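Chemist: structure for this input, please:
(one chain, ligands or ions: 1)
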Amino acid sequence: MLLAILWTRFAPWTFQLRTPLVIANWKLQGSRDLCGKFKSELRIPSNVEVWIAPPALYLDSLVSGQPTSAKVGVQNVHFDEAGAYTGEIAAGMVRDLGGIFSIVGHSERRTLFHETDQVVAQKFLACCEAELTPVLCVGETLDQREEGIAKEVVWNQVAEVLEKCDPAVFGRAQLAYEPIWAIGTGVVATPEDAEDMHGHLRSMIADSTVLTGEELRILYGGSVKIDNASQLIAQANVDGFLVGGASLDIVQFNSICQIASGN
Ligand code: PGA
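Modeler: Below is the predicted model of the structure:
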């Protein structure tokens, strides 16, 4: 069974379709020292893409001098392109500094900074306009999972964005399923639960848009570590990871990237 899944996941014809992607989300952590490690010690397997989301202040440290071999981006942008928004950064500025993506709608932004679905959708569009790839995060609370409404909640978060943008544009985004109860808790979704949600999202996208759903990478996030990554990546619809805590240690992060390569 495992061999069959691995074959489907990594067979040459499917492999081209969705190259595994691993994103490091440093959150409010990191330093010039960590940037240096990600420039000199990061090992990216040839069949994996690696992106780094440091605090925006460190974007330039990662791309200047001898740049990191990973693509870089940010954890959040403002929805407007410019204006009187003290303390904010715009998607165009990220692009100007060499960034290629922004995380959008992370649950910490939704809960701690009160970002509504509507604000998340505006930020998604701001990224697309500035030619940054949005990495849209969705996920349910433990209560919602226990109530049996996880799939509905998560799909509604996607649908809110889909309603406001051209599906072709949506097709160029990345999606990250991050159950809120698994973020930073050490409790990881079972591979079966992750696969169930990822498969659901892919088929809902196929049913509700002109997209096939096959073009979209769906990453899993929430307590990804060396010891759970291989079972998660073996799932047919898990196309990579959004890694928080374990991305602050270059050795662990390199191992997770290696696991994502399937080798
Ligand atoms: P974690 O965070 O890996 O520390 O659980 C993941 C995330 O919030 O993106």
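
Chemist: residues contacting the closest residue to the ligand within the chain?
Modeler: In the chain, the residue that lies nearest the ligand is residue 244 (2.2 Å; C-beta to the nearest ligand atom). For glycine as for every other residue, the C-beta is placed from the backbone atoms N, C-alpha and C. Counting by C-beta atoms under 8 Å, 6 or more residues apart in numbering, residue 244 makes contact with 25, 27, 183, 184, 221, 224.

Chemist: of these, which is the most crowded?
Modeler: Counting neighbours by other C-beta atoms under 10 Å, the top entry in the contacts of residue 244 is residue 224, with 30 neighbours.

Chemist: isn't there a helix covering that residue?
Modeler: No: checked against DSSP: H, G, I helix; E, B strand; the rest coil, residue 224 lies outside a helix; its state is coil.

Chemist: dump the residue contacts of it.
Modeler: 188, 232, 241, 242, 243, 244, 246, 256.

Chemist: just the element for the third one, please.
Modeler: Going back to what we said before, that points to residue 241. Assigned by DSSP states H and E, residue 241 belongs to strand 240-243.

Chemist: for that strand, what is the average pLDDT?
Modeler: For strand 240-243, mean pLDDT rounds to 98.

Chemist: packing partners for that strand?
Modeler: With contacts taken as 3 or more C-beta pairs under 8 Å, 6 or more residues apart in numbering; DSSP states H and E, strand 240-243 sits against strand 21-25, strand 218-221, helix 226-233, helix 250-260.

Chemist: next one: the first one to chain centre, how far?
Modeler: By that I understand strand 21-25. Centroid displacement of strand 21-25 relative to its chain, using C-alpha atoms, centre = their mean, to the nearest Å, is 6 Å.

Chemist: before we move on, back to that, and the two most separated of the contacts of residue 224?
Modeler: Farthest pair in the contacts of residue 224 (C-beta to C-beta) is 232 and 244. Separation: 14.5 Å.

Chemist: top of the contacts of residue 224 by number of neighbours, please.
Modeler: Counting by other C-beta under 10 Å, top hit in the contacts of residue 224: residue 241 with 30 neighbours.

Chemist: skipping adjacent residues, who's closest to that one in space?
Modeler: Spatial nearest neighbour of residue 241, chain neighbours left out: residue 224 (4.6 Å); criterion: C-beta to C-beta, 6 or more residues apart in numbering.

Chemist: brilliant, that's me finished.
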